[in-house]
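Asks: predicted model and sequence below, questions to follow.
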Amino acid sequence: MQAQGRSNIEIDGSVGEGGGQILRTSLSLSVITGRPIRITRIRAGREKPGLMRQHLTCVKAAQQISAAEVEGAELGSSTLVFRPQALVGGSHHFAIGTAGSTSLVLQTVLPALLCAKEISRMTVEGGTHNMLAPSTCFLQRAFLPQLRRMGADVSLEVVREGLFPAGGGAVVLQVRPAALHGLSLCERGTKQSIQAEALLASVPEHVGLREITAVADHYKLRREHIRHRVLGSRTGPGNVLSVWAEFENVVELVTVHGERRLPAEQVAAKACAELDAYLDSGAVVGEYLADQLLLPMWLAGAGRFHCLAPSLHTTTNLQTLSLFGGPSLVCEKLANGAHEIRVAG
């Protein structure tokens, strides 16, 4: 892969949702295609614009796996020039240094590592459960199984959880190179179970017990479908409740973070309300899984899935993908009110 002599793809980081997803998708695509990029107005739609530590780690991770030449890779920077040279797998290690999301760092490099020539092993330290990012639970239960259905050989080990605001987590991603094939997610299939798990760090254990009991009462769950785990004090204080519905073809998982002076029963009620909204909608792919599937579908050059009206996050991601050429992804409203996102042609 050589990017020298090719003009930059100019990317406006303020368009659409104006957040970090534009940066992450652009970095992934730059590494995959070998096209140099210049991103301006990075995260202009956020209260604190520019590169924060979490985003800077994404840049450095993409740089390391592609031997990229980079300009503007510093905290607070609103402009970044990224020129990839050669995609390299192997072993890599990154530490965010805060509770910033390890999942978003993995989201940046995983698609590219599927295109490497050798097996990759990447360790990332930081937060595993962040209010503004998919959790590692979501990756393990909802996203990676779909990626494996597309032909990927990928695994994610959570060495230790890191809850917001302390972080302190560590994950290990292993990826074998693979050519992806298309995926069709137009039916949920048979419902298999609903389950819940509460994580607690330096928070009284009864909080987690009350959360999973409230979820069990709401869905009439058996004991084997609910659990709680008390983590070490290194990552505390923090509390996270995950509730997920498993179907034959798809898993939808919601995560709610406990807050001071917010009763455990209200945390559970919020999680149940979010999952109920999905269950009642008839959608196959949930809002966050839709975001995750776009780039793999682009790589595969085939596939489709049904979802509700795409979020601003999703439409922004579709716009970013279109800047790099390759297969076109289109979104079309169906007669039943659902939407289909598919690779055109």
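Replies: Yep, it's here. Residues are numbered from 1 along each chain as shown.

Asks: give the contact list for residue 82.
Replies: Taking CB atoms under 8 Å, 6 or more residues apart in numbering as the criterion, residue 82 is in contact with 26-27, 30, 36-39, 59, 62-63, 68-70. Every residue, glycine included, has its C-beta placed from N, CA and C.

Asks: quick check: next helix or strand after the helix or strand it falls within?
Replies: Assigned by DSSP states H and E, residue 82 belongs to strand 80-83. Once the chain leaves strand 80-83, the next helix or strand it forms, by DSSP H and E, is strand 90-95.

Asks: restricting to C-alpha, output that next one in PDB.
Replies: Taking only C-alpha atoms (Å, rounded to 0.1, in the frame of the first residue of the first chain), the coordinates of strand 90-95 have been written out as PDB:
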ATOM      1  CA  GLY A  90       1.500  -8.100  14.500                       C
ATOM      2  CA  SER A  91       1.400  -7.100  18.200                       C
ATOM      3  CA  HIS A  92       0.500  -3.600  19.300                       C
ATOM      4  CA  HIS A  93      -0.200  -1.900  22.700                       C
ATOM      5  CA  PHE A  94      -1.900   1.300  23.500                       C
ATOM      6  CA  ALA A  95      -2.900   3.100  26.700                       C
END
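
Asks: begin at 327 from now on, thanks
Replies: In the new numbering, first residue 327, that becomes strand 416-421.

Asks: residues of that strand that come out buried?
Replies: 418, 420 (16 or more other CB atoms under 10 Å).

Asks: contact partners of stretch 437-444?
Replies: Counting by CB under 8 Å, 6+ apart, the neighbours of stretch 437-444 from elsewhere in the structure are 354, 357-358, 388, 391-392, 413-416, 446, 448, 478, 480, 499, 501, 503-504, 506, 621-622, 625.

Asks: quick one: the strands in the stretch 327-476 of the chain, in order.
Replies: Listed in chain order, the strands of the stretch 327-476 of the chain (DSSP state E, counting those that start in this stretch) span 335-338, 363-366, 395-397, 406-409, 416-421, 446-452.

Asks: closest to residue 494 out of the ones you listed?
Replies: When the strands of the stretch 327-476 of the chain are ranked by proximity to residue 494, the top entry is strand 446-452, at 7.9 Å, counting by CB to CB.

Asks: how far does that closest one sit from the chain's center?
Replies: Relative to its parent chain, strand 446-452 has a centroid offset of 15 Å by CA atoms, centre = their mean, to the nearest Å.

Asks: what is the orientation angle of it with strand 416-421?
Replies: 0 degrees (axes from the mean of the first three to the mean of the last three CA atoms, to 10 degrees).
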